[in-house]
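> Below is the sequence, then the predicted model.
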Amino acid sequence: MDHCTHEVRAELWFCTNNTKDVYKDMQANPEIEISVSSPEYAWIRLHGKAVFENNMAAKEMCIQNPIVKGQYGEAANPIFEVFYLDNAHGVIADFSGNPPYESKEIRQNIAIFEAGGQLPTGGKVRKPKGMIR
């Protein structure tokens, strides 16, 4: 998968390339997990069903990311695919000894993770050096 997390139509969108094996795997089995970690070894894991759409608004928003633009050039690129997670839920965890925080509020999980905020379980996630992409 490539670097893109954006919101369109209250969905969190991701992108990939339809010539990659991971795209073919996701077409065959759309139940996926995405995981990202911070330099301090806190991590977020998102799970849900990948729903691919030829959504030009989502593509236009994702292509604003310089890494994505560098790979695909323009939103109309025929190999550029976008998807969101249906029935998504997420877990934030670290090695602090505190229990993992699990929620269906994916945008809240990502906001906590990106901000290095306080978890409802009492743990604290340190802010990663870069945003989730």
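All right, it came through fine.
> now the strands: where do they sit in the chain?
For the chain, applying DSSP state E gives strands covering 2-8, 11-17, 31-37, 43-53, 80-93, 101-103.
> Reformat those strands as TSV; add mean neighbour count.
(C-beta placed from N, C-alpha, C; glycine too.) Formatted as TSV, these follow (neighbours: other C-beta atoms under 10 Å):
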stretch	mean neighbour count
strand 2-8	19
strand 11-17	21
strand 31-37	15
strand 43-53	18
strand 80-93	21
strand 101-103	17
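> okay if I get these as JSON lines plus mean pLDDT?
Output for the strands of the chain, formatted as JSON lines (pLDDT from 0 to 100):
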{"stretch": "strand 2-8", "mean pLDDT": "52"}
{"stretch": "strand 11-17", "mean pLDDT": "89"}
{"stretch": "strand 31-37", "mean pLDDT": "91"}
{"stretch": "strand 43-53", "mean pLDDT": "92"}
{"stretch": "strand 80-93", "mean pLDDT": "90"}
{"stretch": "strand 101-103", "mean pLDDT": "73"}
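> now those strands as CSV including distance to Tyr23?
Formatted as CSV, the strands of the chain follow (distance: least, C-beta to C-beta, whole Å):
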stretch, distance to Tyr23
strand 2-8, 10
strand 11-17, 5
strand 31-37, 11
strand 43-53, 9
strand 80-93, 6
strand 101-103, 28
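> between these, which one is nearest to Asn65?
strand 2-8 (5.6 Å; C-beta to C-beta).
> quick one: contacts for Pro30?
Counting by C-beta atoms under 8 Å, 6 or more residues apart in numbering, Pro30 touches 49-51.
> Thanks again, I'm all set now.
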